[in-house]
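Asker: Sequence and predicted structure, then a few things I'm wondering about:
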Amino acid sequence: MSSPSLTVAVWTGSWLSGHAAADDVIDALLEWAPMHLVAAHDEDAAAPAGLRGTRPVDGAAGLLTAIRRADPAGSAGIRLVLPAAGDVHGLPVGTEFAAAALAAGEGVLVGAPGTQGLGLVPTVEGPDVLHWKVFALPMLPEPPTPPGLGEAEFTMKEAVRDAAATLTRIQTVDTNGRHADPRAAIAEQVAEYARHRYPEVLPPRAVRILESADQVAAILTVASAGKGRQAGSASAAAAREDALRPLWSAVRLARIGAVAATLGALDRHR
């Protein structure tokens, strides 16, 4: 599991569709931090989220309350967003939620497209605290069409190959300036992703796609760290950035597609 927002999307989707208990969702969230603070961005968001003003509420249960109130019909109203600079598809344009989600690189939309809803954005506050900001949205946008599971799986197979090839072209060094074998760092990053479990109800194909996306993301993370510690011209750095950018885009699309397909399937089999 790569982000708190992805955890919220798949676990609350499983919960709202009757395939998981609320305690299961909370347990999954606590893997990210022992303390979750939930606060409305402003007074407009407080009432629809079931929060009292903008003062933070301690406990992941407050997050579940906000989601239940915004999406009483079930998991079809949960949507993962993973925006990046130059790639903001699916965000409600011009909103404070969009700016916060872009800064965080993640967020969750709750509610049916074309209606009022909520946006959720997590922010890490120290090693033990995850702060969720809840935004009121006057109208949720129609979601962009995500890739199907078949397309996402094929894309991830190619991305694993391309990411590995990219890494071999990027020299990495350790803190002492010596050439470093990136495999240990990649394995460590993959293990960190794997620490966060998926609901058992997720389709095996979706899990494979998400795990492949994690593998590619681990390679890209190590490659990005390596390029930051080595000497080179500005043009070489820009070329490396250009090589990594489409792979990161493929990772985001695969994760969004796998989650969207999973939530759709869960809602149909309630």
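Answerer: Perfect, I can see it now.
Asker: Please identify the buried residues of stretch 242-252?
Answerer: 243-244, 247-248, 250-252 (16 or more other CB atoms under 10 Å). No exception for glycine: its C-beta is placed from N, CA and C like everyone else's.
Asker: Would you state the helices of the protein in chain order?
Answerer: 4-16, 22-30, 43-49, 61-70, 96-104, 149-169, 183-194, 204-228, 234-268 (DSSP state H).
Asker: Just the buried positions in the shortest one, please.
Answerer: By neighbour count with 16+ other CB under 10 Å, helix 43-49 contains the buried residues 45-46, 48-49.
Asker: which intervals of this structure have sub-threshold pLDDT?
Answerer: 72-76, 169-181, 226-240, 268-270 (pLDDT under 70).
Asker: picking up where we left off before, farthest-separated two in the buried residues of stretch 242-252?
Answerer: Largest separation among the buried residues of stretch 242-252 by CB to CB: 243 and 252, giving 16.4 Å.
Asker: And the contacts of stretch 204-212?
Answerer: Stretch 204-212 has contacts (CB atoms under 8 Å, 6 or more residues apart in numbering) with 1-2, 6, 149, 152-153, 156-157, 159-160, 194, 198, 254-255, 257-259, 261-262.
Asker: Columns distance to residue 80 on top of the buried residues of stretch 242-252, output as JSON lines?
Answerer: Formatted as JSON lines, the buried residues of stretch 242-252 follow (distance: CB to CB, whole Å):
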{"residue": "243", "distance to residue 80": "26"}
{"residue": "244", "distance to residue 80": "22"}
{"residue": "247", "distance to residue 80": "19"}
{"residue": "248", "distance to residue 80": "16"}
{"residue": "250", "distance to residue 80": "16"}
{"residue": "251", "distance to residue 80": "13"}
{"residue": "252", "distance to residue 80": "10"}
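Asker: nearest to residue 102, of those residues?
Answerer: Once CB to CB is applied, the member of the buried residues of stretch 242-252 that ends up nearest residue 102 is residue 252, at 12.5 Å.
Asker: ok, now which ones touch the closest one?
Answerer: So residue 252 contacts 82, 84, 87 (CB under 8 Å, 6+ apart).
Asker: Which of those are buried, as a PyMOL select command?
Answerer: To isolate the buried subset of these in PyMOL, counting by 16+ other CB under 10 Å, use the following:
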select buried, resi 82
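Asker: Residue 4 against residue 29, yeah?
Answerer: Yes. Between residue 4 and residue 29 a contact is recorded at 7.1 Å, counting by CB atoms under 8 Å.
Asker: and those two? which has more neighbours close in?
Answerer: More crowded of residue 4 and residue 29, by other CB atoms under 10 Å: residue 4, with 27 against 24.
Asker: Spatially nearest residue to that one, not counting backbone neighbours?
Answerer: Computed as CB to CB, 6 or more residues apart in numbering, the closest residue to residue 4 that is not its neighbour in sequence is residue 122, at 4.4 Å.
Asker: Quick check: bridge partners of the one you found?
Answerer: Beta bridges link residue 122 to residue 132 when assigned by DSSP bridges.
Asker: Kindly tell me how buried it is, as a neighbour count.
Answerer: 27.
Asker: Also residue 14?
Answerer: Residue 14 has 25 nearby residues by other CB under 10 Å.
Asker: how near is it to residue 130?
Answerer: 20 Å (CB to CB, to the nearest Å).
Asker: So which of the helices of the chain is nearest residue 135?
Answerer: Nearest of the helices of the chain (CB to CB): helix 96-104, 3.8 Å.
Asker: Just want the angle from the closest one to helix 4-16.
Answerer: 120 degrees (axes from the mean of the first three to the mean of the last three CA atoms, to 10 degrees).
Asker: Just the endpoints, please. Distance across stretch 188-199?
Answerer: 23 Å (CA to CA, to the nearest Å).
Asker: Any buried residues in that stretch, and which?
Answerer: By neighbour count on 16+ other CB under 10 Å, the buried set for stretch 188-199 is 189-190, 193, 196, 198-199.
Asker: picking up where we left off before, just the buried ones from the contacts of stretch 204-212?
Answerer: Here, 16+ other CB under 10 Å leaves 1-2, 6, 149, 152-153, 156, 159-160, 198, 254-255, 257-259, 261-262 buried among these.
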